[in-house]
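*Asks:* here you go, sequence then predicted model.
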Amino acid sequence: MSSWTAAHVAAIAPNASTAPMIGAHHVRPVADNLDIWDAWPVQQRDGTPITLADGAQLWMALAAPHFPDPDERHGHARIHLFHFLDERWSHVGVAMPDGFSPGSREWSGSAIWDEASGDIILYFTAAGRKGEAAPSFEQRMFSARARLTEAGGLTDWHDLREIVTIDPDHYMSTREGGGIGTIKAFRDPAYFRDPADGRHYLFFAASQAGSASAYNGVVGMARADPATPDDWVIAPPLLSADGLNNELERPHMVVHQGKYYLFWSTQRHVFNSDGPTGPTGLYAMVAPAVSGPWRPVNGSGLLFANPAAAPAQSYSWMVLPDLSVTSFIDNWGGGKARRFGGTFAPFLRLWLDGDCGGVAA
């Protein structure tokens with residue numbers, strides 16, 4: 001297991017790459033009375049987004065009705081479908097039918113098209129349990145299959161299964177409660193197929209078992225053999241931020257120019273305040289293979305941050321194989337009053353050159 005350490009964060013350069021400012025003209029709701037946040041496309045196994053018959057891409061995102069307090073959205077989250085065509089988003093509706101998910105809410109994941117069956121496979125987080133009296137922060141990871149309709153929707157949901165269960169030797173339980181920013185993690189499964197050997201992986205946000213620190217975020221991992229992509233076996237964490245940071249959210253992997261890049265998002269307020277803290281931004285490690293050794297990109301791990309004038313303007317970045325980056329608009333504008341965008345942020349593009357990278361001009 002590799003480590004992301006306080007020494008790495010202390011090395012963040014004063015002139016580190018930052019995202020462009022988001023303005024009012026970027027804040028375009030995708031549906032009436034609907035806020036969205038974490039988003040991902042339905043991808044082929046090599047990571048390329050699938051294209052529908054009309055040329056649109058099929059995307060998923062967490063969504064909830066608009067609330068005066070944006071934090072309330074987490075207690076009502078459902079996965080919704082969207083089409084993306086000609087730089088425009090259109091809302092399709094909820095992904096899974098009512099009552100199908102085993103949780104009281106649906107949190108982030110990933111989705112692929114399975115060429116062997118023609119199914120769409122969704123990997124997702126079930127938060128809480130169906131029918132619970134009060135929403136809990138227990139997290140379990142599931143997969144489910146559906147058929148793609150001619151109109152670009154999903155139907156015939158089936159084969160709901162729990163992917164892996166917590167290995168207490170490596171991962172901490174998520175039943176201890178807490179609040180937004182302090183809860184423990186076992187969520188955000190992101191699919192990856194290694195082009196070198198065809199092995200399948202799921203990377204996920206988790207919390208290190210046996211830690212003496214409240215800041216014990218790790219990137220967890222499950223894997224499956226090339227011929228049996230649905231037979232997942234949990235593995236020890238790939239990356240630890242023990243003592244440094246509580247949440248390495250939505251980790252995912254992309255291969256670029258023969259190098260493997262592990263990306264994750266995190267926020268300033270989930271760093272250990274007793275040590276160096278990094279900005280809210282997209283972070284990454286680089287290695288010659290999934291097995292490592294992993295080194296922090298730019299010597300610190302920080303690829304880019306939100307601008308200092310709007311330090312929480314966007315979040316939950318996801319890098320696609322062409323190095324385009326999606327996220328959602330969070331607290332934009334940089335004023336004292338919170339302005340939650342609740343919609344898709346403008347795409348960014350990365351540049352990566354070995355151990356270095358940032359936002360492309």
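*Replies:* Now that the structure is in, tell me what you want to look at.
*Asks:* every contact and neighbour count from this point should use C-alpha atoms.
*Replies:* Noted.
*Asks:* beta partners of Ala146?
*Replies:* Note on Ala146: beta-bridge partners by DSSP bridges are Ile120.
*Asks:* burial measure for it, as a count.
*Replies:* Burial of Ala146 is recorded as 21 neighbouring residues (other C-alpha atoms under 10 Å).
*Asks:* what stretches of this structure score poorly on pLDDT?
*Replies:* Scanning the chain for pLDDT under 70 picks out the ranges 177-179.
*Asks:* now do the helices in it.
*Replies:* Using DSSP state H, the helices of the chain run over residues 6-10.
*Asks:* which residues in the stretch 1-150 of the chain form strands?
*Replies:* 2-3, 35-43, 57-64, 78-85, 88-94, 105-113, 120-127, 139-148 (DSSP state E, counting those that start in this stretch).
*Asks:* could you export the third one as CSV, CA atoms only?
*Replies:* It refers to strand 57-64. Taking Å, rounded to 0.1, in the frame of the first residue of the first chain, the C-alpha atoms of strand 57-64 are listed here in CSV:
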residue,chain,number,x,y,z
GLN,A,57,-23.7,10.1,-24.7
LEU,A,58,-25.6,8.5,-21.8
TRP,A,59,-24.7,9.8,-18.4
MET,A,60,-25.8,9.3,-14.8
ALA,A,61,-25.7,11.7,-11.9
LEU,A,62,-26.9,12.0,-8.3
ALA,A,63,-30.0,14.2,-8.1
ALA,A,64,-32.5,15.4,-5.6
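*Asks:* so which elements touch that strand?
*Replies:* strand 35-43, strand 78-85, strand 105-113 (3 or more C-alpha pairs under 8 Å, 6 or more residues apart in numbering; DSSP states H and E).
*Asks:* with distance to Ser211 and mean neighbour count as added columns, please give the ones you listed in JSON lines.
*Replies:* Shown next, in JSON lines, are the helices and strands packed on strand 57-64 (distance: least, C-alpha to C-alpha, whole Å; neighbours: other C-alpha atoms under 10 Å):
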{"stretch": "strand 35-43", "distance to Ser211": "28", "mean neighbour count": "24"}
{"stretch": "strand 78-85", "distance to Ser211": "32", "mean neighbour count": "21"}
{"stretch": "strand 105-113", "distance to Ser211": "25", "mean neighbour count": "25"}
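*Asks:* so which of those strands is nearest His256?
*Replies:* strand 35-43 (16.7 Å; C-alpha to C-alpha).
*Asks:* including distance to Asn306, could the helices and strands packed on strand 57-64 go into JSON lines?
*Replies:* Formatted as JSON lines, these follow (distance: least, C-alpha to C-alpha, whole Å):
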{"stretch": "strand 35-43", "distance to Asn306": "16"}
{"stretch": "strand 78-85", "distance to Asn306": "24"}
{"stretch": "strand 105-113", "distance to Asn306": "22"}
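*Asks:* for the residue lying closest to Asp156 once chain neighbours are set aside, what are its contacts?
*Replies:* Once flanking residues are discounted, Asp156 sits nearest to Ala146: 5.3 Å by C-alpha to C-alpha, 6 or more residues apart in numbering. For Ala146, the contact set (C-alpha atoms under 8 Å, 6 or more residues apart in numbering) comprises Asp119, Ile120, Ile121, Leu154, Thr155, Asp156, Trp157, His158.
*Asks:* Met172 and Leu248, how far apart?
*Replies:* Going from Met172 to Leu248 by C-alpha to C-alpha, to the nearest Å gives 14 Å.
*Asks:* and what of Pro321?
*Replies:* Pro321 sits 20 Å away from Leu248, taking C-alpha to C-alpha as the criterion.
*Asks:* the more surrounded of the two?
*Replies:* Leu248 (27 against 14).
*Asks:* correct me, but that one touches Asn216?
*Replies:* No. At 9.5 Å, Leu248 and Asn216 do not qualify as touching, with contact defined as C-alpha atoms under 8 Å.
*Asks:* which stretches of the stretch 201-350 of the chain form strands?
*Replies:* According to DSSP E, counting those that start in this stretch, the strands that the stretch 201-350 of the chain contains are 217-224, 233-240, 249-256, 259-266, 281-287, 295-296, 302-305, 314-319, 324-331, 340-344, 348-353.
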